[in-house]
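Student: My questions are about this predicted structure, shown below with the sequence.
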Amino acid sequence: SSCKVSPPGFKPTSDNTGIEACPLGTFSDDGVSCKECTGEGTYSDTTGATYCKSAPAGFKPSANRTTIELCPKNYFSIGAND
């Protein structure tokens, strides 16, 4: 048996015996660790994401960065903003 690197969107389990998908609100571009979507206007609404999505115009990421929501009344977004 040989050691393998986990694919993007996943990370090794805590005991290094398998892999697990990155949870909502995070991504993995390297298969080593899951990173939070912290860039302005970014979110991740799927498990196993390899990158964070950008909120479209008129929307903003939710507080936990797992989805998007409409901008409140009297506010706007040109996209990719918090």
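Tutor: Thanks, I have it. Numbering: from 1, shown residues only.
Student: Could you list the low-confidence segments of this protein?
Tutor: Judged against pLDDT under 70, the low-scoring parts of the chain cover residues 1, 80-82.
Student: same thing but at 80, please
Tutor: Under the criterion pLDDT under 80, the flagged ranges of the chain are 1, 79-82.
Student: Show me where it has its strands.
Tutor: Defined through DSSP state E, the strands belonging to the chain, from first to last, are 10-12, 19-21, 26-27, 35-36, 42-43, 53-54, 59-61, 68-70.
Student: Now render these as a markdown table, adding mean neighbour count and distance to residue 79.
Tutor: Quick note: C-beta positions are derived from backbone N, CA and C, even for glycine. A markdown table is the format used below for those (neighbours: other C-beta atoms under 10 Å; distance: least, C-beta to C-beta, whole Å):
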| stretch | mean neighbour count | distance to residue 79 |
| --- | --- | --- |
| strand 10-12 | 19 | 29 |
| strand 19-21 | 16 | 27 |
| strand 26-27 | 22 | 19 |
| strand 35-36 | 15 | 20 |
| strand 42-43 | 22 | 11 |
| strand 53-54 | 18 | 7 |
| strand 59-61 | 22 | 8 |
| strand 68-70 | 14 | 10 |
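Student: Which residue ranges of this structure form helices?
Tutor: Remark: no helices are assigned in the chain by DSSP state H.
Student: quick one: contacts for the closest residue in space to residue 42 that isn't next to it in sequence?
Tutor: Setting aside the residues directly before and after it, residue 42 is nearest to residue 52 in space (C-beta to C-beta, 6 or more residues apart in numbering), at 3.8 Å. By C-beta atoms under 8 Å, 6 or more residues apart in numbering, the contact set of residue 52 is 27, 37, 39, 42, 43, 44, 65.
Student: Roughly how far does the fourth one sit from residue 54?
Tutor: Distance from residue 42 to residue 54, counting by C-beta to C-beta, to the nearest Å: 6 Å.
Student: Endpoint to endpoint, stretch 25-36 covers what distance?
Tutor: Start-to-end span of stretch 25-36 (C-alpha to C-alpha, to the nearest Å) is 6 Å.
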